[in-house]
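Asks: Any chance you can model this:
(2 chains)
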2 protein chains.
Amino acid sequence: MKTVTTLEELFQARSELPSPVGLVPTMGFLHEGHLILMRQAKQTCASVVVSIFVNPTQFGPGEDLESYPRDIEHDLALLEHLGVDLVWLPTPEVMYPPNYQTWVEVSDVTQPLEGSFRPGHFRGVTTVVSKLFNAVRPDVAVFGQKDAQQVAVVKQMTRDLSYPIKIDVVPIVREGDGLALSSRNTYLKKPQRKAATVLYKSLRKAEAAYLEGERRADAIRRIMTDTIAEEPLASVQYVSCADLDTLQELEMITSKALLSMAVYVGQTRLIDNWILQP
Amino acid sequence: MKTVTTLEELFQARSELPSPVGLVPTMGFLHEGHLILMRQAKQTCASVVVSIFVNPTQFGPGEDLESYPRDIEHDLALLEHLGVDLVWLPTPEVMYPPNYQTWVEVSDVTQPLEGSFRPGHFRGVTTVVSKLFNAVRPDVAVFGQKDAQQVAVVKQMTRDLSYPIKIDVVPIVREGDGLALSSRNTYLKKPQRKAATVLYKSLRKAEAAYLEGERRADAIRRIMTDTIAEEPLASVQYVSCADLDTLQELEMITSKALLSMAVYVGQTRLIDNWILQP
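Replies: From the prediction side, this is the model:
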């Protein structure tokens, strides 16, 4: 496994990799949810590149850029063990050199949900993902369904900007009690960790209602809100029942729908989602 | 020489080209100023790709999108004769499919000069050039110095977005009387064609003053303005004496400077420029 930092090192190492090349972009502090992304890439590609970069431009003021958990030694050991070929660890200066002034923006699908509560977040995401795509030139890029809106935004950008890249999406990995794996779970104190299962519970209750025939999106959203309200340590930022591709809120569920939410447990902001299949 | 339209055809044909690959983006209606771009690409690359696309998103309301000259048959004959390997002729629907919503924007170097008189122009340029870079994945891309600000903007974008692409810039090609070649010269009626030499004259007069020791940018700009004012068929939109990289207007000329201008001759808007070497 090769590890590089600068663009020159990356371009050189990339040119020596057999095709097809798979890319897994990450912010590090890797957990099992990341590892299945790498395994997916290994299954379909001759070479796997992993980037680790806590991207400052996708964090808003007051968000957790400084405290975001990092453990590069542990990450590299995991990646070595998985048989990843190339790890790119750019510094902020490599990604955003002095006089940096270029941005990639997706206008519509970035507006609701996360976009409405994290202004500027997706501009940072699409800019950095586009830079990763340009520098690595992968054939396949693998993302996790955990960040459902990010998946929709990256798919839109990939199509709009004519990238010859297949976007592979891998399902959410959950703990035994249903909590979706996330690097931010490390922020949770013990009672909060227990309370955090309420996100998953609310999604399953909503799905149960759907399977019993409920098609009114309002009723589905209310089930999620009411379930979370029963947990005193949790407070809802948003719940959504939206079209899976456009992310526009639905009135009636007639095709694939995305249930999603952001919930504070203490100071920690957690997100989760579930796809309703017709 | 292969000719393709859709992205699928392009990706397939691109994958069969030997590296390094050179790209020459054009809007067609090719003249000798374009042909030296192709020759430059052929000199440094194993394969040459030319794109022909009159990009609607870089034309403002009231600009000449509809009347922009086109002659695909003639263009293809020239390219075949030059030994170009692949020509991509995307339609507007290939480049901007329904629900298109992604833009690449460069913030600072796009503001002055052309950017100030053609709002949105460079957003269209950087978006389409980025799409061409993504789809073709060239090693080298060749641009003409005629569009001096476009060169500065594309260089900034290429660096900022981490493209592994070398930007080659080819000098302006001029008629015997100094008029810079441009597809838009075809708009000029006979007396206008003669009057249009005033752009070049004003640049040479400004250079002559510089060579005699003039370093005050104001004085240099005044020489250009006054020279153009002597031609009754011409009217200045702007003249500039700016830093070659940032395009900020200078007070004193102490390093490489770009003299540039936009001038109306009748209804036709012409641009020209000249680099002062210290």
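Asks: can we go C-alpha only for contacts and neighbour counts from here?
Replies: Noted.
Asks: Contact residues of the stretch 151-278 of chain A facing chain B?
Replies: Residues of the stretch 151-278 of chain A lying close to chain B (CA under 8 Å from any CA of the partner chain) are A:Gln156, A:Met157, A:Asp160, A:Leu161, A:Ser162, A:Tyr163, A:Pro164.
Asks: which residues touch the third one?
Replies: Residues in contact with A:Asp160, defined by CA atoms under 8 Å, 6 or more residues apart in numbering or on different chains, are B:Met95, B:Tyr96, B:Pro97, B:Tyr100, B:Gln101, B:Thr102.
Asks: Give me the pLDDT for the nearest residue to the last one once chain neighbours are set aside.
Replies: Right, B:Thr102. Among residues not flanking B:Thr102 along the chain, A:Val106 sits closest, at 4.3 Å (CA to CA, 6 or more residues apart in numbering or on different chains). For A:Val106, the pLDDT comes out at 98.
Asks: Also the one 4 residues further on?
Replies: The predicted structure scores A:Thr110 at 98 on the pLDDT scale.
Asks: Does it touch A:Lys155 like I think?
Replies: No: assessed by CA atoms under 8 Å, A:Thr110 is found out of contact with A:Lys155, at 11.6 Å.
Asks: picking up where we left off before, switch the residues of the stretch 151-278 of chain A next to chain B over to a markdown table; also include secondary structure, pLDDT and distance to A:Val21.
Replies: Output for these, formatted as a markdown table (DSSP: H, G, I helix; E, B strand; the rest coil; pLDDT from 0 to 100; distance: CA to CA, whole Å):
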| residue | secondary structure | pLDDT | distance to A:Val21 |
| --- | --- | --- | --- |
| A:Gln156 | helix | 98 | 21 |
| A:Met157 | helix | 98 | 20 |
| A:Asp160 | helix | 98 | 21 |
| A:Leu161 | coil | 98 | 19 |
| A:Ser162 | coil | 98 | 18 |
| A:Tyr163 | coil | 98 | 14 |
| A:Pro164 | coil | 98 | 12 |
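Asks: Flag every buried residue along stretch A:59-66.
Replies: Judged by neighbour count (16 or more other CA atoms under 10 Å in any protein chain shown), stretch A:59-66 contains these buried residues: A:Phe59.
Asks: again with stretch A:212-224
Replies: Buried-residue list, stretch A:212-224, by 16+ other CA under 10 Å: A:Glu214, A:Arg215, A:Ala217, A:Asp218, A:Ala219, A:Ile220, A:Arg221, A:Ile223, A:Met224.
Asks: same question, stretch A:94-110
Replies: So for stretch A:94-110, counting by 16+ other CA under 10 Å, buried means A:95-96, A:100-110.
Asks: okay, the residues you listed in JSON lines with secondary structure next?
Replies: Output for these, formatted as JSON lines (DSSP: H, G, I helix; E, B strand; the rest coil):
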{"residue": "A:Met95", "secondary structure": "helix"}
{"residue": "A:Tyr96", "secondary structure": "coil"}
{"residue": "A:Tyr100", "secondary structure": "coil"}
{"residue": "A:Gln101", "secondary structure": "coil"}
{"residue": "A:Thr102", "secondary structure": "strand"}
{"residue": "A:Trp103", "secondary structure": "strand"}
{"residue": "A:Val104", "secondary structure": "strand"}
{"residue": "A:Glu105", "secondary structure": "strand"}
{"residue": "A:Val106", "secondary structure": "strand"}
{"residue": "A:Ser107", "secondary structure": "coil"}
{"residue": "A:Asp108", "secondary structure": "coil"}
{"residue": "A:Val109", "secondary structure": "coil"}
{"residue": "A:Thr110", "secondary structure": "coil"}
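Asks: Tell me which stretches of chain A form helices.
Replies: Counting by DSSP state H, chain A has helices at residues A:7-15, A:32-44, A:72-82, A:92-95, A:114-117, A:121-136, A:148-160, A:190-195, A:198-211, A:217-229.
Asks: now the longest one against helix A:148-160, angle please.
Replies: In terms of direction (axes from the mean of the first three to the mean of the last three CA atoms, to 10 degrees), helix A:121-136 departs from helix A:148-160 by 50 degrees.
Asks: any idea of the mean pLDDT in helix A:121-136?
Replies: Mean predicted lDDT for helix A:121-136 stands at 98.
Asks: Run through the residues that contact the closest residue to A:Tyr200 other than its chain neighbours.
Replies: Spatially, and ignoring its direct neighbours in sequence, A:Tyr200 is nearest to A:Gly178 (5.7 Å; CA to CA, 6+ apart). A:Gly178 makes contact with A:Thr197, A:Tyr200, A:Lys201 under the criterion CA under 8 Å, 6+ apart.
Asks: Please tell me how far A:Gly178 sits from chain B.
Replies: For A:Gly178, the distance to chain B (CA to the nearest CA, to the nearest Å) stands at 35 Å.
Asks: Next: A:Gly60.
Replies: For A:Gly60, the distance to chain B - CA to the nearest CA - is 20 Å.
Asks: OK, contacts around that residue?
Replies: Applying CA under 8 Å, 6+ apart to A:Gly60 gives the contacts A:Arg118, A:Pro119, A:Gly120, A:His121.
Asks: Check whether the residue nearest to B:Thr102 really touches B:Asn99, as I assumed.
Replies: No: using CA under 8 Å, A:Val106 is not in contact with B:Asn99, being 10.9 Å away.
Asks: residues near A:Ala180, how many?
Replies: Counted with other CA atoms under 10 Å in any protein chain shown, residues neighbouring A:Ala180 total 21.
Asks: Got the confidence number for A:Pro278?
Replies: Listed pLDDT for A:Pro278 reads 84.
Asks: For it, which residues are in contact?
Replies: A:Thr254, A:Ser255, A:Lys256.
Asks: Would you mind putting the residues you listed into a markdown table with pLDDT alongside?
Replies: A markdown table is the format used below for the contacts of A:Pro278 (pLDDT from 0 to 100):
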| residue | pLDDT |
| --- | --- |
| A:Thr254 | 96 |
| A:Ser255 | 93 |
| A:Lys256 | 96 |
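Asks: Which one of these is nearest to A:Lys2?
Replies: Top of the list for closeness to A:Lys2, among the contacts of A:Pro278 and by CA to CA, is A:Lys256 at 41.0 Å.
Asks: picking that back up, what's the distance between the residue nearest to A:Tyr200 and A:Lys205?
Replies: To A:Lys205, A:Gly178 is 13 Å away according to CA to CA, to the nearest Å.
Asks: Tell me how far the residue nearest to A:Arg39 when sequence neighbours are not counted lies from A:Ala141.
Replies: Nearest non-adjacent residue to A:Arg39, counting by CA to CA, 6+ apart: A:Leu82, 7.6 Å away. To A:Ala141, A:Leu82 is 17 Å away according to CA to CA.
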